[in-house]
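Participant: Dropping a prediction and its sequence here:
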Amino acid sequence: MTLIDHASIKPAPAPAKTNSIEQIRYGCAIGAQQTVAAIPRAIPITHCGPGCTDKQFMNLSFYNGFQGGGYGGGAVIPSTNASEREVIFGGGERLDELIDAALKILDADLFVVLTGCISDLVGDDIGGVVSPYQKRGVPIVYAETGGFRGNNFTGHELVTRAIIDQHVGPYEGTRDADLVNVWSLLPYHNTFWRGDLTEIKRVLEGVGLRVNILFGPESKGISEWKAIPKAAFNIVLGPWLGVATARHLEAKYGQPFLHVPALPIGANATTAFLRQVLAFAGRKRRSARAEAFIAEEEARYYKYLEDFSDFYAEYWWGLPAKFAVVGDATYNLALTNFLVNQLGLIPGKQIITDNPPEEFRAGIVEHYRHIADDVSTDVEFEEDSYTIHQKLRATDFGHKAPIIFGTTWERDLAKELKGAIVEVGFPTSYEVVLSRSYVGYRGALTLLEKIYTTTVGASA
């Protein structure tokens, strides 16, 4: 019989962190097909392997609020469905045939050719295929969006730059002092982008500006893109997405840009945003129209909030005190700002999932450290759902059930924590989203309805 010295036994080392990502929260770069589909009467043409196009649509659009394909997305998108033959012999000829056929069958104001991993790896000359069509006056551009180049956020900015450089082109005319371009939410990936962009355009127009919103039902399509150089300046609304595009426009057209890191939710944030825009526009003496619009919107907002306060005061015992936000940087920062400053909730855990470029991360962290005059919190950057869920399990949410602002991936975890969940990002598979907005004056009221309908239902 052998005696075991238990004191000498050392615990096994913790497993090293792997490079695998469980339950992904974005698409690959060719997911920018949805960026194209978000432009009225624009159609993407994909040069990629079989299934890539459909997977991007199903993930980013269908199982994410069931948003639909629109005019040029979904089943409309032409694809080469590249096979072994294209890998061996190249796919340029096949792409040329597809473009020629698409022009005969499909009616669009702009076609955008997007590449996948196969064509980028074998080195197909996409510019050489597309260029003859451009010389003939066909409205067509291309962007190399192989999956190894990044996620669909990366692909989005590649597509916007391709349209600006290849289709909008040079401009030496005058600028319109009342016209602005807005670069903000990632179409389709942000489940509520249509309603949110509609509200952003509405409030900017309310203070006397005209807006190239560029994407969604409120955009005039390619005519707006052609008018980009005419705008007085660009507005980047969000922590990082759109900054690269605005910098490019500044270099190309000498067009300045205003970067507003926090998407506004609620009266305080929206009014501050509008006044910041007006100041940047050089309107030091705010117009009577702008102030009248703000006063009217605030009066309406606070009247609804006054009625809501009866519920908030009486039902306090059944409402959450702490929250977590798991999602892309734009919505994460906006929601945290609103929940802390408008509702007085306590931040428990904030995790950003869209892998922002390193140059923006320190600035994003600083916003959370000064989220309110007397509130400071930390934010983490993580893409792997397994790790995210472990961090949420380890979070102290106090004696009350938490509320989690996350995705479908967090539904089972919310049940485990005996909390409530509000799905606010990709993937959102338990919500049907048409024109819903959570930003601005009107969107904030909708968000309040959603939050507290969810919490009352969870406690029933």
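Facilitator: On my side now, so go ahead.

Participant: In contact with Gly236, which residues are there?
Facilitator: Just to correct that, residue 236 is Val rather than Gly. Residues counted as contacts of Val236 (Cβ atoms under 8 Å, 6 or more residues apart in numbering) are 183-184, 242-243, 245-246, 257-260. C-beta here means a position set from N, CA and C on the backbone, and glycine is covered the same way.

Participant: try 10 Å
Facilitator: For Val236, the contacting residues are 181-184, 242-247, 257-261, by Cβ atoms under 10 Å, 6 or more residues apart in numbering.

Participant: Ala267 too?
Facilitator: With Cβ under 10 Å, 6+ apart, Ala267 has these contacts: 294, 297-302, 305, 342, 440-441, 444-445.

Participant: of these, closest to Ala38?
Facilitator: Gly440 (19.2 Å; Cβ to Cβ).

Participant: quick one on the thing from earlier: narrow the contacts of Val236 to those in helices?
Facilitator: 243-247 (DSSP state H).

Participant: Give me the buried entries from these.
Facilitator: Neighbour-count burial (16 or more other Cβ atoms under 10 Å) is assigned, among the ones in helices among the contacts of Val236, to 243-246.

Participant: Looking at the residues you listed, spot the one nearest Ile352.
Facilitator: Val243 (15.7 Å).

Participant: what domains does the record give for the protein?
Facilitator: Following the TED database, the chain resolves into domains at 29-167, 179-290, 317-429.

Participant: Just after the helix ranked longest in the chain, pick out the following helix or strand.
Facilitator: The longest helix of the chain (DSSP H) is helix 288-314. Counting by DSSP states H and E, the next helix or strand C-terminal to helix 288-314 is strand 322-327.

Participant: Only alpha carbons, please: show whatever helix or strand comes next after that following strand as CSV.
Facilitator: If you walk from strand 322-327 toward the C-terminus, the next helix or strand you reach (DSSP H and E) is helix 329-341. Taking C-alpha atoms only, helix 329-341 is exported to CSV below (Å, rounded to 0.1, in the frame of the first residue of the first chain):
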residue,chain,number,x,y,z
ALA,A,329,-19.2,50.2,-28.1
THR,A,330,-21.8,52.6,-29.5
TYR,A,331,-24.8,51.2,-27.7
ASN,A,332,-22.8,50.1,-24.6
LEU,A,333,-21.7,53.7,-23.8
ALA,A,334,-25.0,55.2,-24.7
LEU,A,335,-27.0,52.8,-22.6
THR,A,336,-24.7,53.1,-19.6
ASN,A,337,-24.8,56.9,-19.8
PHE,A,338,-28.6,56.9,-19.8
LEU,A,339,-29.1,54.2,-17.1
VAL,A,340,-26.8,56.0,-14.7
ASN,A,341,-27.7,59.6,-15.3
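
Participant: Mind checking what helix or strand follows helix 329-341 in sequence?
Facilitator: Taking DSSP H and E, what comes next after helix 329-341 is strand 346-352.

Participant: Please determine how far Val122 is located from His47.
Facilitator: Distance of Val122 to His47, computed by Cβ to Cβ, to the nearest Å: 11 Å.

Participant: quick one, which of the two is more surrounded?
Facilitator: His47 (33 against 15; other Cβ atoms under 10 Å).

Participant: Hmm, the more buried one is touching Ile126, no?
Facilitator: Yes. With contacts counted by Cβ atoms under 10 Å, His47 reaches Ile126, the gap being 6.9 Å.

Participant: that older thread, the domains of the chain: which one's closest to Gly173?
Facilitator: Comparing the domains of the chain against Gly173 with Cβ to Cβ, the closest turns out to be domain 179-290 (6.7 Å).

Participant: okay, how far is it across that closest one, tip to tip?
Facilitator: 15 Å (Cα to Cα, to the nearest Å).

Participant: Can you give the distance from it to the centre of its chain?
Facilitator: Counting by Cα atoms, centre = their mean, to the nearest Å, domain 179-290 is centred 14 Å from the centre of its parent chain.

Participant: now stretch 92-104
Facilitator: How far stretch 92-104 lies from its chain's middle: 31 Å, per Cα atoms, centre = their mean.

Participant: quick one: buried residues of it?
Facilitator: Buried residues in stretch 92-104, counted by 16+ other Cβ under 10 Å: 92, 94-96, 98-99, 102-103.

Participant: if we can go back for a sec, dump the domains of the chain to a markdown table, plus mean pLDDT.
Facilitator: Listed next are the domains of the chain as a markdown table, based on pLDDT from 0 to 100:
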| stretch | mean pLDDT |
| --- | --- |
| domain 29-167 | 94 |
| domain 179-290 | 96 |
| domain 317-429 | 95 |
